[in-house]
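> coordinates only, sequence not included:
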Ligand code: ATP
């Protein structure tokens, strides 16, 4: 398998922002949020199972999953949440692995918000954590999603703590400065890590061949 760099961070920490900087350098991205949508896309066997379990009212008129409705149901019914997780988690993991194994580039960036919480660190050769002060995280996430601060705080509480996340990090990008003052520095850090990851990937390749 290609060299895998797991990128994680709390809600609103800047994972997508930083992943985009790697993407600009030509690095392929496998994004857990995208995979979790792909496994239930229209016409998929999993979507059929979900519709059978919850009724066809869980689909939109276009035959797609009505995520807002599903969220409401599982928020109110723990057993339904568990049923859904049992169905989806193995399928998402399998699809992530399939995409990782199909990757031909020297290394791939594996962007997973709940990398640590869902024990996916074992799939990674190296872990890059995007770190940001909680008050900035709260402010940016609330502004982006026009969400109540309480909702963001609850999501933050459901994720691993900053300290635990940092304890898994091989590399850390601090994303505290606003773009006006920090973007150039972020780009430089990404370039530096890109060079490092290419080196590590080559070393892994050499080890496999020897
Ligand atoms: P989530 O896990 O919630 O999807 P994320 O970790 O992918 O979030 P982003 O979407 O990259 O985070 O960033 C959250 C918001 O903060 C976005 O609106 C983004 O434009 C903004 N943002 C990220 N970094 C900075 C920065 N350095 N300065 C100003 N705004 C930033």
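Thanks, I have the structure now. Here the structure is a predicted model, which is why all the values come from computation and not from measurement. Numbers count the residues shown, from 1 in each chain.
> Which residues of this protein lie near the ligand?
With C-beta under 6 Å from any ligand atom as the criterion, the chain meets the ligand at residues 9, 11-17, 113, 140-141, 144, 175, 177-179, 182. From N, CA and C alone the C-beta is placed, and that goes for glycine too.
> Mind checking which of those residues are in helices?
Here DSSP state H is the test, and the residues of the chain next to the ligand give 15-17, 140-141, 144, 179, 182 as lying in helices.
> Least confident of the residues you listed?
Among those, residue 144 carries the lowest pLDDT, at 87.
> ok, how many other residues are close to that one?
Residue crowding around residue 144 was assessed by other C-beta atoms under 10 Å; the count is 12.
> Run through the residues that contact the residue lying closest to it once chain neighbours are set aside.
Among residues not flanking residue 144 along the chain, residue 12 sits closest, at 6.5 Å (C-beta to C-beta, 6 or more residues apart in numbering). Each residue near residue 12 by C-beta atoms under 8 Å, 6 or more residues apart in numbering is listed here: 132, 137-138, 140-142, 144, 152.
> Which among the residues you listed count as buried?
Among the contacts of residue 12, those classed as buried by 16 or more other C-beta atoms under 10 Å are 132, 137-138, 140-142, 152.
> And the residue nearest to the spatial centre of the chain, how far from the ligand?
Computing the C-alpha centroid of the chain and ranking residues by C-alpha atoms, centre = their mean puts residue 112 first, at 2.2 Å. Noted for residue 112: a distance of 10 Å to the ligand, by C-beta to the nearest ligand atom, to the nearest Å.
> so what's that residue closest to, chain neighbours aside?
residue 32 (4.1 Å).
> my read: the one you found touches residue 92, true?
Yes: Residue 32 lies in contact with residue 92 (C-beta atoms under 8 Å); the separation is 7.2 Å.
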